[in-house]
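A.B. asks: give me a 3D structure for the following:
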Amino acid sequence: MKNNYTLPNILSLLRIILTPVFIAMYMQGGGYQVAGVALFTFAMLTDSYDGYYARRYGLQTKLGAFLDPIADKILVLATFSLFVWQGMLHWVIVTLMALRDIVVTGLRLQLVAQGTSLRTSELGKGKTAAQFFSIYLFFIVDLMGIDCGQVAAKGVALLTAQAVILVVVLLSLYSGLDYIIRYWRHTNNNAGNERE
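C.D. replies: A predicted model of the protein is given here:
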């Protein structure tokens, strides 16, 4: 049995722990808000590093296969929920993304329990990149001042962020459907191999 106390798993767990800390800091406003964005950025970077490190040094574990995507979804959905609370985003958007993530995570857990997995597709990676891009757009909107004639600029920035989030939702739903299809093919192929 592989040791679960690996750096990638610790980084995934750290991402979960940092999420409520980031939210609390961001909600304080002022300098705390900027520090919250910095903390979010650090948490986001751990997502890129833990996967690379696990593959590079052969540290993939069943716990890691479960913990890494869960940590990502907690960070992203909590951040989008924050924007809903601030009135910049409609709750239906976050609900659709959450439902997609619940379905995909359930399928992932089934595969992990069976000792197998499906690699993240380029579509899934694109969805994740688009999510983080839209999050930073909302950060920019929220951190913009409203003095010196910036009201119009802030309105345009908000409309841009909301347009991007619609693309993100479409990508999320499409990548979720793609994962369901790949899961179905994978399980059917395995079932066929077992019967042979």
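A.B. asks: okay, CA-based contacts and neighbour counts for the rest of this
C.D. replies: Will do.
A.B. asks: which one's the longest helix in this structure?
C.D. replies: Criterion DSSP state H: the longest helix present in the chain is helix 151-195.
A.B. asks: in space, what's closest to Gly124 - neighbours in sequence excluded?
C.D. replies: Nearest non-adjacent residue to Gly124, counting by CA to CA, 6 or more residues apart in numbering: Ser175, 5.6 Å away.
A.B. asks: is that neighbour in contact with Thr128, as I believe?
C.D. replies: No - judged on CA atoms under 8 Å, Ser175 makes no contact with Thr128 at a distance of 10.1 Å.
A.B. asks: against which helices or strands is the helix or strand of the chain with the lowest mean pLDDT packed?
C.D. replies: In the chain, no helix or strand scores lower on mean pLDDT, DSSP states H and E than helix 151-195, which sits at a mean of 83. For helix 151-195, the packing partners by 3 or more CA pairs under 8 Å, 6 or more residues apart in numbering; DSSP states H and E come out as helix 91-113, helix 122-143.
A.B. asks: of all these, which one is nearest Thr61?
C.D. replies: Smallest distance to Thr61 across the helices and strands packed on helix 151-195 (CA to CA): 9.6 Å, for helix 91-113.
A.B. asks: between that closest one and helix 151-195, how many degrees?
C.D. replies: 30 degrees (axes from the mean of the first three to the mean of the last three CA atoms, to 10 degrees).
A.B. asks: about what we covered before: number of nearby residues for the residue nearest to Gly124?
C.D. replies: Here the number of neighbours of Ser175 (other CA atoms under 10 Å) works out to 22.
A.B. asks: cool, Gly106 as well?
C.D. replies: Neighbours around Gly106, by other CA under 10 Å: 11.
A.B. asks: cool, the one 4 residues further on as well?
C.D. replies: Counted with other CA under 10 Å, the neighbours of Gln110 add up to 14.
A.B. asks: how about Asn188?
C.D. replies: Asn188: 12 neighbours (other CA under 10 Å).
A.B. asks: so where's this structure shaky on pLDDT?
C.D. replies: Applying pLDDT under 70 to the chain flags the ranges 1-4, 52, 54, 57-59, 145-151, 190-196.
A.B. asks: let's go with 50 and repeat that
C.D. replies: 1, 146-148, 196 (pLDDT under 50).
A.B. asks: so which bits of stretch 134-147 are buried?
C.D. replies: Residues of stretch 134-147 classed as buried: Ser134, Ile135, Leu137, Phe138, Phe139, Ile140, Val141, Asp142 (neighbour count, 16 or more other CA atoms under 10 Å).
A.B. asks: quick check: the first one vs Thr95, distance?
C.D. replies: So that's Ser134. 16 Å (CA to CA, to the nearest Å).
A.B. asks: and Gly115, its phi and psi?
C.D. replies: Main-chain dihedrals, Gly115, degrees, to the nearest 10: phi 80, psi 20.
A.B. asks: that older thread, which one, of the helices and strands packed on helix 151-195, ends up nearest to Arg182?
C.D. replies: Distance to Arg182, taken as CA to CA, is lowest for helix 91-113 among these, at 10.6 Å.
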